[in-house]
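Enquirer: any chance you can model this:
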Amino acid sequence: MHVSHLSLADFRSYARAEVPLDPGVTAFVGPNGQGKTNLVEAVGYLATLGSHRVSSDAPLVRMGAERAVIRAAVTQGERRQLVELELNPGRANRARINRSSQVRPRDVLGIVRTVLFAPEDLALVKGDPGERRKFLDELVTARSPRMAGVRSDYERVLKQRNTLLKSAAMARRHGGRSMDLSTLDVWDQHLARAGAELLAQRLDLIATLLPLADKAYEQLAPGGGPLGLAYKCSAGESVDSGAARTREALYEVLLAALGEVRKQEIERGVTLVGPHRDDVALRLGELPAKGYASHGESWSYALALRLASYELLRSEGSEPVLILDDVFAELDARRRERLAELVAPGEQVLVTAAVDDDVPGVLVGARFGVSGGEVTRL
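Expert: Numbers count the residues shown, from 1 in each chain. Purely as a prediction, here's the structure:
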């Protein structure tokens, strides 16, 4: 699978941009702040319905414009599809596939699949649990696009449940009458049902990803491993990536855990148990990666997770587009060459770099210069 044409309207710094793309390596080269990352960010958005740089859509719309449009022609074998997303901050986004307007944005998931390497990836190792949850959930959805609906259901139920708990907490604090919380049992069941599905997918992903990540780390930093990935579940230590659990069993675990913390939840006004509170413990050798791994080791760990994601998606379906956003400038010469050698055979590899020398020689392919909002083939 590869993107054969990218078209942007009022996206980030681009009033208009038309970029023809070929299979193989394409490098976008130009000074910082000229719009290189904006191009690959748009491709990534089509794959995940989100940006790797910001958490909302508003910054993606060009200053003064009401909406932004990302459109891409996607080729997979003999099949060609046109996918389009219209970003409308404050209102519902719109989507079209092959010019049909009768689709939801999440219906485009799976048409474009990407694995994106970026400086922000260091947060996978050094950042908060939310960074690791996002990594898992985006990969879960890339493997199974229907999980976008499950995630949406979970977030909707969580919001409703938190609203009820917050109201109960406020009533208690202000000496009002106790609220009727009989509906909380129903919300518990809905949360546990959607949570069990998401949890099952995450646990399966961790088990599948670990050997691939360990192999990738050895390729990037020989002799530096092994890696360890352990799922830390807020519902209790009995749930881990090594346990063979059915969704029904996970549902019962989550439901019981919610019951155990109900008193604390009512006091605090927030849901304390569920996939939204979970984390992944990353180990390098015998020590936790966070706080103990050096800068170079942390970078290699994050890159290993992305390479493992690429190998996993590649083995389960069409090969994803590899995006390397200003990554090589962050690496020492040895890791730079090793990473370049590993990704060079990809069906489509998109690279951004401030100067041409930052692109390793093994990544031979098309070059575009990016400056002042103009994209020019060199």
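Enquirer: hang on, Leu258 packs against Val273?
Expert: Yes - using Cβ atoms under 8 Å, Leu258 is in contact with Val273, at 5.3 Å. Every residue, glycine included, has its C-beta placed from N, CA and C.
Enquirer: what helix or strand is Leu136 on?
Expert: Element membership for Leu136, per DSSP states H and E: helix 129-143.
Enquirer: with Ser4 instead?
Expert: Element membership of Ser4, judged by DSSP H and E, is strand 2-11.
Enquirer: can you pull the buried residues of that strand?
Expert: Residues of strand 2-11 classed as buried: His2, Val3, Leu6, Ser7, Leu8, Ala9, Asp10, Phe11 (neighbour count, 16 or more other Cβ atoms under 10 Å).
Enquirer: just these now: which is nearest Leu307?
Expert: Leu307 lies nearest to His2 out of these, by Cβ to Cβ, at 18.9 Å.
Enquirer: beta partners for the closest one?
Expert: Using DSSP bridges, the beta-bridge partners of His2 come out as Thr75.
Enquirer: ok, now which ones touch it?
Expert: Listed by Cβ atoms under 8 Å, 6 or more residues apart in numbering, the contact set of His2 reads Leu21, Asp22, Pro23, Val74, Thr75, Val321, Glu347, Gln348.
Enquirer: and the pLDDT for it?
Expert: Note on His2: pLDDT of 95.
Enquirer: before we move on, what about Gly291?
Expert: With respect to pLDDT, Gly291 scores 89.
Enquirer: which secondary structure element contains it?
Expert: Gly291 belongs to no helix or strand, assigned by DSSP H and E.
Enquirer: what's the burial count for Ala92?
Expert: Using other Cβ atoms under 10 Å, Ala92 has 9 neighbouring residues.
Enquirer: now swap in Arg277 and tell me
Expert: Applying other Cβ under 10 Å, I find that Arg277 has 15 neighbouring residues.
Enquirer: test my guess that it contacts Gly236.
Expert: No - taking contacts as Cβ under 8 Å, Arg277 lies outside contact range of Gly236: 11.8 Å.
Enquirer: check the gap between the most centrally placed residue in the chain and Val375 for me.
Expert: In the chain, the residue lying closest to the centroid (Cα atoms, centre = their mean) is Glu138, at 3.8 Å. Counting by Cβ to Cβ, to the nearest Å, the separation of Glu138 from Val375 is 27 Å.
Enquirer: what do you get for Asp325?
Expert: The gap separating Asp325 from Val375 is 15 Å, by Cβ to Cβ.
Enquirer: so where's this structure uncertain?
Expert: Within the chain, the segments meeting pLDDT under 70 span 175-180, 237-244.
Enquirer: got the domain boundaries for it?
Expert: According to automatic domain parsing, the chain comprises the domains 1-113+321-378, 122-317.
Enquirer: in space, what's closest to Glu337 - neighbours in sequence excluded?
Expert: Nearest residue to Glu337, sequence neighbours excluded (Cβ to Cβ, 6 or more residues apart in numbering): Pro360, at 6.0 Å.
Enquirer: scratch that, Ala27 is what I was asking about
Expert: Using Cβ to Cβ, 6+ apart and skipping the chain neighbours, the partner closest in space to Ala27 is Val351 (4.3 Å).
Enquirer: list the buried residues of the helix or strand harbouring that neighbour.
Expert: According to DSSP H and E, Val351 maps onto strand 348-353. Along strand 348-353, these residues count as buried under the neighbour rule (16+ other Cβ under 10 Å): Gln348, Val349, Leu350, Val351, Thr352, Ala353.
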